[in-house]
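In: build me a structure from this.
(chains A and B)
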Number of protein chains: 2
Amino acid sequence: MQAEIITIGDEILIGQIVDTNSAFLGKELNKFGISIYQITSIQDDKAHILKALKEAEENADIIIITGGLGPTKDDITKHTICEYFNDTLIEDKAVLTNVEQIFSKYSAAPLLEVNKQQALVPSKATVLMNHNGTAPGMWLEKNGKVFVSLPGVPFEMKALITEQVIPKLIGKFKFPYIMHKTLLTYGLGESALAERIATWEDHLPNFIKLAYLPSLGRVRIRLSAKAFDKVMVDAELHNQINLLLPQIKDVFIGYEEDESIEAVIGKQLTEMGRTLAVAESCTGGRIAKSFTENAGASAYFKGGVVTYASESKVKILDVSEDDIKNHSVVSKQVAETMAKNVRLLFDSDYAISTTGNAGPLKGDSDVEVGTVWIAIASKDDVYSEVFNFGNLREKVIVRASNKAFEMLQKFFLKK
Amino acid sequence: MQAEIITIGDEILIGQIVDTNSAFLGKELNKFGISIYQITSIQDDKAHILKALKEAEENADIIIITGGLGPTKDDITKHTICEYFNDTLIEDKAVLTNVEQIFSKYSAAPLLEVNKQQALVPSKATVLMNHNGTAPGMWLEKNGKVFVSLPGVPFEMKALITEQVIPKLIGKFKFPYIMHKTLLTYGLGESALAERIATWEDHLPNFIKLAYLPSLGRVRIRLSAKAFDKVMVDAELHNQINLLLPQIKDVFIGYEEDESIEAVIGKQLTEMGRTLAVAESCTGGRIAKSFTENAGASAYFKGGVVTYASESKVKILDVSEDDIKNHSVVSKQVAETMAKNVRLLFDSDYAISTTGNAGPLKGDSDVEVGTVWIAIASKDDVYSEVFNFGNLREKVIVRASNKAFEMLQKFFLKK
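Out: Now for the predicted structure:
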């Protein structure tokens, strides 16, 4: 039982937007045992849509179509689906009411004829009501196969998938159990790692697939198991990991969960009843943003400052001007003072600080581009480290943020 | 003349990574007149790769394959390509030297047999030397069609595309000229906008395609023109935009370059010689992060505070406790005080503040989830507005940030 994802829209093909919808769909459907056979991104074009639908019907049992459901002329998906199913469009009263309610609640604009047309759906379709937008989801069946058409706006699509599509799919089909376990390793290259564990890999059972995912100094080992017997799958995965771990114990740093490290830290802090504040220079707000985008952040995240200019480090965080002069603004002294003082300013239990140069120019400091000092402070301790994250700005910011999260987690372990 | 992109790798299909490579390829190839017919993401599976190659050969003249070229057992792309071309693998001396050099320069690990195998390429392939990694790019031709296989690591793939693949394609084919112009509008819904400019749209010449891209409060109008006569295309696009502009002058805010609105604001501030500070509550650092991820931010971005807890608004931004008690922490009074005082704290020319409730719980305030007050302050003015951005946390944060950028741009226009 496999699914195919079809995304419709020239904006993906010309690179105007990155297709994040498909990654969400892949991850979400996988959780419920639905494998994705293929993701196909196609043009807003009738012939192309018809061809993609036909091919997907040959490849897969479940076809999820996103995009192309707006009210304007460039959106031809609904008419094309209608043609594919040899159907006609009819007005759905409940959808019309939904459109009217959304307009009266969120829009100052009058309801136009084109908006009302969003209530037109193929007569054979089951409507999936979109409570976050005017374009409804549509569920159609043909020869035992399911076609679901969803709006491309990410949060509308996501709500429809989790609240309606997945429950309906589970009601209709019996899916195998799929389990992925990803082991993070550090310090050994992909090929050396693969050679070391080759014998183990050769003896993996057929229903467990292995993949190596190298990325910025780390190699992730992903084990994917798929079978109908959940108990057997869990036991065998457990068994295989127990055989693997002794062979990689010098480079194994942990499991990659579905959650970001920030979310995991947030949970740890909430459980400990502790709080956090951050003082950011080169990471420019990214660390604060990473925590606050998780629901429940207010339980542990007291706040932060982005002291981008040296003068604001002095004024707001009481960094010593002498330290900046003698050691540079990118220094152990400045990083540690920032962490200590932001903790006091926000009256938090822990604090993170970053000061560095993300480039491309050297900025307020003479240190090499990519140099970042990171400090962690608690009530009675402060600890810092220096790194060089290379000379690509985005990479420096992302790696500095990730390293800060890692350092904070290690700091917890010491306590 | 069209291209198809094939990305190989289960990590995309299970949603472990987002496919950013294809967006890069789409944008980059488009610049040189190469349209993308389709993007197809497939499994690390021989039969699937063979099928995708065959279909792509039917659809397109240029097939760009990324991924699946690592040294380990899960990568079968090279062998499958060999089979598709009825070819055998031979060792390429120059690639072997490259692999050896990369290992001696960057790796402490010994060179293994699997690493040396990266020097095996199909005998019919032209090698595209990868100076950033060990897996070479490969260029193959069949019945006048071009197949290019590239490693999936983004920076390796990008360098190969810009330095080698595109120059070779331009040398081989004659491509039409493609030009996209995207106009940003705000304040009018997609359907109302489309109705207003319907007559203009109906009279567009055939070689100009129109698309509406709505996104969280803004609608982008994209004109895509494609023809061999560059002078004619530029003239006609110019002409059509001149006909359109008078019809949308109340909602038009500018052209979307390859840049984000934050980057545009950054340039405006730099040109004006003015500076900015931000005080964020519900946006939690996202606004600061959006500015600081752009190179050159230190020229105009003084810094910011994330006063997540009410007490930090009082302590750091001198928000009045009475205002919080009488008007709620999500109020005009609090937003305006935050903006005024963060401007003074960082000694900036302008300031942005946000205070709201991103949900899912009500937090420090009784106001409805999704309610956000945004204020903009200058030396002698402060202005605020209230919005409701719905009840999805991510959406509230993103929309509040975007709205703040828009309000700041409007504020500049008033000056």
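In: so what are the sheet partners of the lowest-mean-pLDDT helix or strand in chain A and their directions?
Out: Lowest by mean pLDDT, DSSP states H and E among the helices and strands of chain A is strand A:252-256, with a mean of 79. Sheet pairing for strand A:252-256, assigned by DSSP bridges, gives strand A:177-186 (antiparallel).
In: buried set for the strand it pairs with?
Out: Using 16 or more other CB atoms under 10 Å in any protein chain shown as the test for burial, strand A:177-186 gives A:177-185. Just so you know, the C-beta spots here come from the backbone N, C-alpha and C atoms, and that holds for glycine as well.
In: please name every helix or strand in contact with the helix or strand following it.
Out: Following strand A:177-186 in sequence order, the next helix or strand is helix A:190-196 (DSSP states H and E). Applying 3 or more CB pairs under 8 Å, 6 or more residues apart in numbering or on different chains; DSSP states H and E, one finds that helix A:190-196 contacts strand A:208-215, strand A:218-227, helix A:230-248, helix B:113-116.
In: by how many degrees do the second one and strand A:252-256 diverge?
Out: On the basis of axes from the mean of the first three to the mean of the last three CA atoms, to 10 degrees, strand A:218-227 is oriented at 50 degrees to strand A:252-256.
In: quickly run through the sheet partners of strand A:218-227, with directions.
Out: Within its sheet, strand A:218-227 is paired with strand A:177-186 (antiparallel), strand A:208-215 (antiparallel), according to DSSP bridges.
In: tell me the contacts of the spatially closest residue to A:K158 that is not a sequence neighbour?
Out: Spatial nearest neighbour of A:K158, chain neighbours left out: A:F24 (6.1 Å); criterion: CB to CB, 6 or more residues apart in numbering or on different chains. A:F24 makes contact with A:154, A:157-158, A:161, B:15, according to CB atoms under 8 Å, 6 or more residues apart in numbering or on different chains.
In: next, count neighbours for A:E141.
Out: Look at A:E141: counted by other CB atoms under 10 Å in any protein chain shown, it has 14 neighbours.
In: may I ask which helix or strand encompasses it?
Out: Counting by DSSP H and E, A:E141 is part of strand A:137-142.
In: A:K124 belongs to a strand?
Out: No - A:K124 sits outside any strand when classified using DSSP: H, G, I helix; E, B strand; the rest coil, being coil.
In: check contacts around the closest residue to it other than its chain neighbours.
Out: Sequence neighbours aside, A:D87 is the residue nearest to A:K124 in space, at 5.0 Å (criterion: CB to CB, 6+ apart). A:D87 sits next to A:122-125 when contact means CB under 8 Å, 6+ apart.
In: pLDDT score assigned to A:D87?
Out: Looking at A:D87, its pLDDT is 96.
In: how about A:G217?
Out: For A:G217, the pLDDT comes out at 61.
In: and for the one 3 residues further on?
Out: pLDDT recorded at A:R220 is 87.
In: number of nearby residues for the residue lying closest to it once chain neighbours are set aside?
Out: Spatial nearest neighbour of A:R220, excluding adjacent residues (CB to CB, 6+ apart): A:L213 at 4.2 Å. If you count neighbours by other CB under 10 Å, A:L213 ends up with 21.
In: pretty sure A:L213 is touching A:V219, no?
Out: Yes - using CB atoms under 8 Å, A:L213 is in contact with A:V219, at 6.9 Å.
In: mind showing which ranges of chain A have poor pLDDT?
Out: Along chain A, segments meeting pLDDT under 70 span A:73-74, A:106-108, A:215-217, A:258-259, A:362-364, A:415.
In: closest one to chain B out of the buried residues of strand A:177-186, please.
Out: Closest approach to chain B among the buried residues of strand A:177-186 (CB to the nearest CB): A:H180, at 6.6 Å.
In: tell me what that closest one is bridged to.
Out: As for beta bridges, A:H180 partners with A:S224 under DSSP bridges.
In: that one and A:K226 touch, don't they?
Out: No - counting by CB under 8 Å, A:H180 sits too far from A:K226 to count as a contact (9.4 Å).
In: of the helices and strands packed on helix A:190-196, which is nearest B:N294?
Out: strand A:208-215 (24.2 Å; CB to CB).
In: and the closest one, what's buried?
Out: Buried-residue list, strand A:208-215, by 16+ other CB under 10 Å: A:208-214.
In: residues in contact with the closest residue to A:R218 other than its chain neighbours?
Out: Excluding its sequence neighbours, the residue lying closest to A:R218 (CB to CB, 6+ apart) is A:Y186, at 5.2 Å. Counting by CB under 8 Å, 6+ apart, A:Y186 touches A:217-219, A:251, A:253.
In: same check, this time on A:D45
Out: By CB under 8 Å, 6+ apart, A:D45 lies in contact with A:I76.
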